[in-house]
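Enquirer: Return atomic coordinates for the entry below.
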Amino acid sequence: MSIVTRFAPSPTGYLHLGHVHAALTAERAARAAGGRFLLRLEDIDATRCRPHFAEAIAEDLRWLGLSWDGPVRVQSEHMGEYRAVLDALAARGLIYSCFCTRAEIAREIVQSAEAPHAPDGGVLYPGTCRRLGAEERAARLARGDAHALRLDMAAALRSVAQPLLFIERGEGEILCRPECFGDVVLARREVPASYHLCVTHDDAVQGVTLVTRGIDLKPATDLHRLLQALMGWPAPEYAHHALLLDAEGRRLAKRDAAATLRDMRARGISAAAVRAMAGFPDP
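Expert: Have a look, this model is predicted:
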């Protein structure tokens, strides 16, 4: 089986060295095996993504010497596909409408005896709207009340074969515990489909066989394997790599104004030097 990898940034800012490391990791893994390397733009969050950042991503990658196979998949052009996935889950009774605001959820959690956390650090949703009666839910939907769509985790787990496993390169099979995420949001008004839903759907559609990404996303693999099992999508192999850190030991991030490729290019730093800084020196 030919290896297919992908680099899937969000166009919410300019690329920094952490992105370079991620892109080169995926590209080198594919090329070393005679496989294919894909580029995908994860731009479902219309409130933060900008067209000029999308253009800059392609320009910066070409400057680095990277090329990709086939057209760039742009998530915002495929919202109908994600809606169809949500409809399929709804038809099986696996998602429900949640009308709680973030403030209401926070208040309920404060009032509870304990506030368990998901592997990604988020506080678990207490399940308030899962307990709504069918008539009340229908009335609120008919009224046009704002709502998110949540996965009914317990129902989802009952509908798939157990145990759920994923394969991590260098480690072998790892047992998944998606229940640790609780009833996760799969869609909300401002973002019509979640990262978790879109990334698993796109990997299946694009035939991705090896997902290379930062170690910070490794816990999410448990949830992604559940979505793959629910939808009958193939399970790729995974390889989670270490994150590049700044001088203070913090991960490089757009929100912290990490030095961008644009900055380095303007300072006359060569593409070869940038590749070396990202951990990929030329032979």
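Enquirer: For stretch 77-94, list every residue counted as buried.
Expert: His78, Tyr82, Val85, Leu86, Leu89, Leu94 (16 or more other Cβ atoms under 10 Å). C-beta here means a position set from N, CA and C on the backbone, and glycine is covered the same way.
Enquirer: Max pairwise distance over the residues you listed: which two?
Expert: Spatially, the most separated pair among the buried residues of stretch 77-94 is His78 and Leu94, at 21.1 Å (Cβ to Cβ).
Enquirer: Just the ones of the buried residues of stretch 77-94 in helices?
Expert: Tyr82, Val85, Leu86, Leu89 (DSSP state H).
Enquirer: in the stretch 101-250 of the chain, which spans are helices?
Expert: 102-111, 134-143, 153-158, 195-205, 220-231 (DSSP state H, counting those that start in this stretch).
Enquirer: Dump the C-alpha coordinates for the helix or strand containing Ala29 into CSV.
Expert: Assigned by DSSP states H and E, Ala29 belongs to helix 17-32. Written as CSV, here are the backbone C-alpha positions of helix 17-32 (Å, rounded to 0.1, in the frame of the first residue of the first chain):
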residue,chain,number,x,y,z
LEU,A,17,9.1,27.0,12.3
GLY,A,18,6.7,24.6,14.0
HIS,A,19,4.7,24.5,10.8
VAL,A,20,7.8,24.0,8.8
HIS,A,21,8.8,21.0,11.0
ALA,A,22,5.3,19.5,10.6
ALA,A,23,5.2,20.0,6.8
LEU,A,24,8.7,18.5,6.3
THR,A,25,7.9,15.6,8.6
ALA,A,26,4.9,14.7,6.4
GLU,A,27,6.5,15.4,3.1
ARG,A,28,9.7,13.5,3.8
ALA,A,29,7.8,10.5,5.1
ALA,A,30,5.8,10.3,1.9
ARG,A,31,8.8,10.9,-0.4
ALA,A,32,11.0,8.3,1.3
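Enquirer: tell me the mean pLDDT over that helix?
Expert: Confidence for helix 17-32, expressed as mean pLDDT, is 96.
Enquirer: go on, stretch 63-77?
Expert: 97.
Enquirer: in that stretch, what counts as buried?
Expert: Of all the residues in stretch 63-77, those buried under the rule 16+ other Cβ under 10 Å are Leu64, Leu66, Trp68, Arg73, Val74, Gln75, Ser76.
Enquirer: Let me see the residues that make contact with that stretch.
Expert: For stretch 63-77, contacts defined as Cβ atoms under 8 Å, 6 or more residues apart in numbering pick out 7, 20, 23-24, 27, 36-44, 46, 49, 54, 58, 61, 198, 202, 205-206, 261, 265, 271, 274-275.
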